[in-house]
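Chemist: Sharing a sequence plus its predicted fold:
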Number of protein chains: 2
Amino acid sequence: MAQGVPNRQSTLDEVAELAGVSRSVASRVLNNAPHVSRAKREAVARAVLQLGYVPNPTARALATRQTGAAALVVSGEDPSIFADPFFAQVIVGASAALEEAELHLMLCLAASDRGRRRVEQLLRSKGADGVMLMALREDDPLARMAEETEIPVVFGGRPVGLDPRWYVDVDNLGGARAATEYLISLGRTRVVTICGRLDTEVGRARYRGYQDAMLAAGLEPYPPEAGDFTESSGAAAMAALSARHPELDGVFTASDNMGAGALRTLRDAGRRVPADVAVIGFDDLAVARISDPPLTTVHQPVEGLGREMARMLVALINGQAPTPLILPTRLVTRASA
Amino acid sequence: MAQGVPNRQSTLDEVAELAGVSRSVASRVLNNAPHVSRAKREAVARAVLQLGYVPNPTARALATRQTGAAALVVSGEDPSIFADPFFAQVIVGASAALEEAELHLMLCLAASDRGRRRVEQLLRSKGADGVMLMALREDDPLARMAEETEIPVVFGGRPVGLDPRWYVDVDNLGGARAATEYLISLGRTRVVTICGRLDTEVGRARYRGYQDAMLAAGLEPYPPEAGDFTESSGAAAMAALSARHPELDGVFTASDNMGAGALRTLRDAGRRVPADVAVIGFDDLAVARISDPPLTTVHQPVEGLGREMARMLVALINGQAPTPLILPTRLVTRASA
DNA sequence: TGGAAGGCTGGAAGCGCTTCCAGTTTCAGG
DNA sequence: CCTGAAACTGGAAGCGCTTCCAGCCTTCCA
């Protein structure tokens, strides 16, 4: 039974003819639908093997009105922000979950105007069965449009200024609160924060968590110093804070990268960590383990975020009605606090 | 001219009817093909706007036999290897280049058997117009199959044991040689290497570069200590090498992560960098800038790799005959050497 | 042994778009 | 005012698959 490698792609018609059945029967066999006798089922299977037949996904998509693909769109102004390992992990999780549902993953980086227009087309033309949207900017037009479109959309994180129907988020507030509480429990009372961009929900939530913990402990929150989640911005913010509040003895930073930057500034300034200043980050990326000293941080289930987004989307595509999800975070203590 | 938001997706037939032309004419207008009078062109444009018409990509794909998508497949045994920021950068580059060609990006992580089978289907069913393949393992069945398939395939890096027709690679050999030469030029003569997995072309090439440089300088290359490109494997390898060759004064590691691990081991052992031991990494990832001391390393154009792969693929899809490409690397000197 | 129930089967009608082709206009040149 | 070329136009045939439906054939029970 030579597994033929035909020069031309063979079609279902050819399979049907070779098997001596009609195209409908052949189709039913391939989708293993009922109402086909055992004999014909086997005949078709043989023909498929003999011809090396592979169904044409496009034709199937046209007939079923299902593309067999889900899109992950990352919307932001700077394409290089995507180079963050964060997204790579989200993708790993999403990819695994989509694979279970036999869906392909389309990736759309909507940074340029052109990219955004293409995503818009995708949404309106139903070019995918569903979309996972991670909108980074405040008031993202794509986010608004996605909420209005017909096709299932799951948000990753809640965009500022929008209350999406379906989303998966990480407990940023709780994580930030826990981190700050931990610093306070260590006896630190002059705890500052290097917050992330406050035009993102992530930045806001993590800052709010800091505030909550401070107030709950009867401490006055310091005004935040903002960074953009990068190492260098963390270093700069730390310098500014040190100058403004030389008495500080604890820092909660809204990302590991900023935490690493803060460590660098403190080290350069000769301040010991954690003896003089305790530092806590957020994310639990590789950098937290590598930095010197290793960074105490808030772990967030990034791969889980991707996985749950994909699962929720699949549920939606299948006509179910899932509920929004907030994934837990957890403090990981290392040497820096 | 209300930009209608129809409840149902409108079709080309409806546009044609509203514009008072035949479907063929409407189609020609949309693809701006010739042989349409100015008047009808405008009538169709008006109708499109009025109905909020968006062409159905699936139907178009079926008719033209072009899917409008290119796939990036990463084939390896461990899905989490993809979480490496390396791939994220490749994706950024590829995505940008594909956008110019109006192609969508499909991402396939072929780690499980199931994933591999799906990629196989994709190749055989022409589910994409072309494929960029990054095969990590030696003797990857997918790589072999890809070379046999009809659809255009561009390799990212050359897989061991295969000499692909079209590929984009990075000058690993030259980079490794330059790094080692630099160590030697610094007066180091007892230079060891922590190489990557020798069942990958990357690992082999970088090791060969080290050997070449040592031999060219009249030095005896040390036997390599292998890691798997991760921080911890680098730390372990460094410990082993220190024990075996206490006299060593220079280390070339085949990745920044391993370099960071080596730094950690050296620091823990109380050996000063670069005073006692000079260390050089490879990749120029963020970790190289953050580590303590910052890592001298070999920069490779990762985003460029993705971009060039995509460009080559687009050329192939358009029937051109590009030539393989090897992108240059360059030494970035920081404090560790 | 008759008849109803129900499993099989294949014909045919799409899914929405492109594109070939033959027929119709238009228009410059004679 | 005629003729041929060039520009338009729309009908129709697909692209390869799914699925509805009507008809056929078993089968099994009364």
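Modeler: Alright, I've got the coordinates. Residues are numbered from 1 along each chain as shown, chains lettered A, B, ... in the order given.
Chemist: And the residue of chain A closest to DNA strand C?
Modeler: Closest approach between chain A and DNA strand C, counting by C-beta to the nearest atom of the strand: A:Ser22, at 3.0 Å. Every residue, glycine included, has its C-beta placed from N, CA and C.
Chemist: Is A:Phe252 within a helix or a strand, and which one?
Modeler: strand A:250-253 (DSSP states H and E).
Chemist: I meant A:Gly174, not that one.
Modeler: Using DSSP H and E, A:Gly174 sits within helix A:172-185.
Chemist: Go through that helix and flag the buried ones.
Modeler: Buried positions in helix A:172-185, judged by neighbour count with 16 or more other C-beta atoms under 10 Å in any protein chain shown: A:172-184.
Chemist: which residues does the nearest residue to A:Leu105 once chain neighbours are set aside bridge with?
Modeler: Excluding the flanking residues, the one nearest A:Leu105 by C-beta to C-beta, 6 or more residues apart in numbering or on different chains is B:Leu107, at 4.8 Å. Beta-bridge partners recorded for B:Leu107 (DSSP bridges): A:Leu105, B:Leu72.
Chemist: neighbours around B:Leu107, how many?
Modeler: B:Leu107: 22 surrounding residues under other C-beta atoms under 10 Å in any protein chain shown.
Chemist: My guess is it contacts A:Ile91. True?
Modeler: Yes: between B:Leu107 and A:Ile91 there is a contact under C-beta atoms under 8 Å: 6.7 Å.
Chemist: Between those two, which contacts overlap?
Modeler: Listed as contacting both B:Leu107 and A:Ile91 by C-beta atoms under 8 Å, 6 or more residues apart in numbering or on different chains are A:Leu105, A:Leu107.
Chemist: returning to that earlier point: and the strand holding A:Phe252, does that touch chain B?
Modeler: No: counting by C-beta under 8 Å from any C-beta of the partner chain, chain B is not contacted by strand A:250-253; separation bottoms out at 13.9 Å.
Chemist: OK, contacts around the residue of chain A closest to DNA strand C?
Modeler: A:Ala16.
Chemist: Per-residue confidence, it, what does it come out as?
Modeler: pLDDT recorded at A:Ser22 is 92.
Chemist: now do A:Gly4
Modeler: For A:Gly4, pLDDT reads 42.
Chemist: if you go through the stretch 1-150 of chain A in chain order, where are the helices?
Modeler: A:12-19, A:23-30, A:38-51, A:57-64, A:85-100, A:113-124, A:141-148 (DSSP state H, counting those that start in this stretch).
Chemist: contacting residues around the second one?
Modeler: Think helix A:23-30. Outside helix A:23-30, the residues that reach it (C-beta under 8 Å, 6+ apart) are A:12-13, A:15-16, A:19, A:33-36, A:40-41, A:44-45, A:47-48, A:55.
Chemist: Check which residues of it are buried.
Modeler: A:Val25, A:Ala26, A:Ser27, A:Arg28, A:Val29, A:Leu30.
Chemist: Let me see the contact set for the nearest residue to A:Val314 once chain neighbours are set aside.
Modeler: Using C-beta to C-beta, 6+ apart and skipping the chain neighbours, the partner closest in space to A:Val314 is A:Ala101 (4.4 Å). Going by C-beta under 8 Å, 6+ apart, A:Ala101 touches A:Ala310, A:Val314, A:Ile317.
Chemist: If I look at the residue of the stretch 201-337 of chain A found nearest chain B, what pLDDT would I see?
Modeler: Chain B sits closest to A:Asp292 of the stretch 201-337 of chain A, with a gap of 4.7 Å, by C-beta to the nearest C-beta. Note on A:Asp292: pLDDT of 84.
Chemist: Now the closest residue in space to it that isn't next to it in sequence. Its backbone dihedrals?
Modeler: Nearest residue to A:Asp292, sequence neighbours excluded (C-beta to C-beta, 6+ apart): B:Asp292, at 4.7 Å. Here is the backbone geometry of B:Asp292 (degrees, to the nearest 10): phi -120, psi 110.
Chemist: where's B:Asp292 relative to A:Leu266, distance?
Modeler: Separation of B:Asp292 from A:Leu266 (C-beta to C-beta, to the nearest Å): 12 Å.
Chemist: Next: A:Ala101.
Modeler: For A:Ala101, the distance to A:Leu266 - C-beta to C-beta - is 47 Å.
Chemist: ok, back up a step: could you export the helices of the stretch 1-150 of chain A as TSV, including distance to DNA strand D?
Modeler: Formatted as TSV, the helices of the stretch 1-150 of chain A follow (distance: least, C-beta to the nearest atom of the strand, whole Å):
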stretch	distance to DNA strand D
helix A:12-19	3
helix A:23-30	3
helix A:38-51	10
helix A:57-64	3
helix A:85-100	20
helix A:113-124	20
helix A:141-148	27
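Chemist: Most tightly packed of those helices?
Modeler: Of the helices of the stretch 1-150 of chain A, the one with the most neighbours on average (mean count of other C-beta atoms under 10 Å in any protein chain shown) is helix A:85-100, at a mean of 23.
Chemist: Mind giving me the packing neighbours of that helix?
Modeler: strand A:69-75, strand A:104-110, strand A:130-135, helix A:302-317, helix B:85-100, strand B:104-110, helix B:113-124 (3 or more C-beta pairs under 8 Å, 6 or more residues apart in numbering or on different chains; DSSP states H and E).
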